[in-house]
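>>> quick check, what structure comes out for this input:
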Amino acid sequence: MAFIKINKQNFYHNLNQIALKTGSVEKIAIVLKDNAYGHGLELMGRLASEFGIKHAVVRKTAEAELIRSLFDTILILGDNIIKDEKYSFTINTLEDIKKAQKDAKVELKVDTGMHRNGIPLDELDEAFALIKAKGLNLTGVMTHYRSADELSSELFWQQKQFETVKQRVKETGFTDVRVHSHNTAAILRTKSFDEDLVRVGIGAYGYSELPHTFDDVGLRPVMSLYAKKISTRKLRAGERMGYGGDFIAAQDMTVSTYDLGYGDGWFRGDSNQPYVTSEGLSVLGRVSMDSISLESEKEEVCVMNDAQVAAKQLGTISYEITTALSAELPKEVI
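Have a look, this model is predicted:
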């Protein structure tokens, strides 16, 4: 079966680069949602914990349960808000507050310009009043930047909006409220970090989508994707292979089928513009549900060792490449 190699040294290098930006490992909250961006929720949670990370971010309570013992706090981005000593829950709407369980730990997400989730600025006073009336424990205030990875001033505009939010939290009388707004792109652009946490997702796994005009932090890809040989055969010149016979052998050649396909979350792509593996092998013909064909006799091949490079070939982004991979693929730490 196809499998994934996780490079522990590269992962720790990336976390160290972020820690140099924040000034402390304890200010890093590792984002482990969506199977740790395809890298393996429990595996990456354990490695992050061993590195000294104390805080995690997930999407659902079911994810949090799998890594509960590894972290001091776990922020759950979207689920029913219940009382729990370790979990805090994101408030995205006033309705979330009304449905929350009394004494639950909540972190108020404020819409400073992303216009996707979060409490609008003109609803802040109502949100604060509801939180107090419901007896909720406000442990955090957060926002999300829409253009931190673009060469524009929008990041600074949103940061100014968030400064207003932080001031209003203090004026309302809430105490011991942690503040966090930075994602990977924002922390990599920041020269002086002054918040309580940074939510690090894609950067921890080795990727930055920032333009080259920004400082290069030197992140290293953590994941490599491998496929194992199923069978080998000889093709004669002129013979066609695969669905639709899209590939036609230009000369006699030896080809092998490998156990990776779109059923494993690999991209089908376009056989007229074949994907080229990290070993320089072109995929021959169409990608099948469970297999690809390559001109190789090797027992296993590295299909991808840099999701950003693969993404450019396949017309997408590194996030989609890694998160699309099946959670069933075995993982090996090197």
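>>> all helices of the stretch 201-334 of the chain, in order?
307-314, 318-323 (DSSP state H, counting those that start in this stretch).
>>> and the ones you listed, which is most packed in?
By mean neighbour count, with neighbours taken as mean count of other Cβ atoms under 10 Å, helix 318-323 ranks first of the helices of the stretch 201-334 of the chain at a mean of 22. C-betas here are computed from N, CA, C, even on glycine.
>>> sorry, back to before: and the helices of the stretch 201-334 of the chain as TSV, adding mean pLDDT?
Below are the helices of the stretch 201-334 of the chain laid out as TSV (pLDDT from 0 to 100):
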stretch	mean pLDDT
helix 307-314	97
helix 318-323	97
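>>> who wins for proximity to L32 among the ones you listed?
L32 sits nearest to helix 318-323 of all these, at 11.9 Å, using Cβ to Cβ.
>>> what comes into contact with the closest one?
Identification of contacts with helix 318-323 by Cβ atoms under 8 Å, 6 or more residues apart in numbering yields 34-35, 37-39, 202, 205, 207, 209, 223, 267, 304, 307-308, 310-311, 314.
>>> filter the residues you listed down to the ones in strands?
M223, M304 (DSSP state E).
>>> re the thing from before, nearest to V165, of the helices of the stretch 201-334 of the chain?
helix 318-323 (26.9 Å).
>>> so which of the helices of the stretch 201-334 of the chain gets nearest R233?
Between R233 and the helices of the stretch 201-334 of the chain, the shortest separation by Cβ to Cβ is 26.1 Å, and it involves helix 307-314.
>>> that closest one packs against which elements?
helix 318-323 (3 or more Cβ pairs under 8 Å, 6 or more residues apart in numbering; DSSP states H and E).
>>> just how off-centre is the helix it packs on within its chain?
The chain centre lies 8 Å from the centre of helix 318-323; the measure is Cα atoms, centre = their mean, to the nearest Å.
>>> quick check: G78 vs G118, distance?
12 Å (Cβ to Cβ, to the nearest Å).
>>> quick check: neighbours shared by the two?
N92.
>>> look at these two and report which has more neighbours.
Taking neighbours as other Cβ atoms under 10 Å, G78 and G118 compare with G118 leading, 21 against 14.
>>> my read: the more buried one touches L124, true?
No - counting by Cβ atoms under 8 Å, G118 does not reach L124; the two are 10.4 Å apart.
>>> residue contacts, the residue nearest the centre of the chain?
Closest to where the C-alpha atoms of the chain average out (Cα atoms, centre = their mean) is Y37, at 3.9 Å. For Y37, the contact set (Cβ under 8 Å, 6+ apart) comprises V31, G201, I202, Y205, Y319, T322, T323.
>>> what is the most widely separated pair among these?
V31 and T322 (12.5 Å).
>>> ok, back up a step: with distance to V106 added, can I get the contacts of Y37 in a markdown table?
Listed next are those as a markdown table, based on distance: Cβ to Cβ, whole Å:
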| residue | distance to V106 |
| --- | --- |
| V31 | 19 |
| G201 | 21 |
| I202 | 26 |
| Y205 | 28 |
| Y319 | 27 |
| T322 | 30 |
| T323 | 27 |
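>>> domain assignment for this protein?
What automatic domain parsing lists as the domains of the chain is 8-205, 223-333.
>>> so which of those domains comes closest to M1?
Of the domains of the chain, nearest to M1 by Cβ to Cβ is domain 223-333, at 5.8 Å.
>>> heading C-terminal from the helix or strand containing D125, find the next helix or strand.
Element membership of D125 [criterion: DSSP states H and E] is helix 124-134. Per DSSP H and E, helix 124-134 leads on to strand 137-142 as the next helix or strand towards the C-terminus.
>>> neighbouring strands for that following strand, and are they parallel or not?
Partner strands and pairing direction for strand 137-142 (DSSP bridges) are strand 105-111 (parallel), strand 178-180 (parallel).
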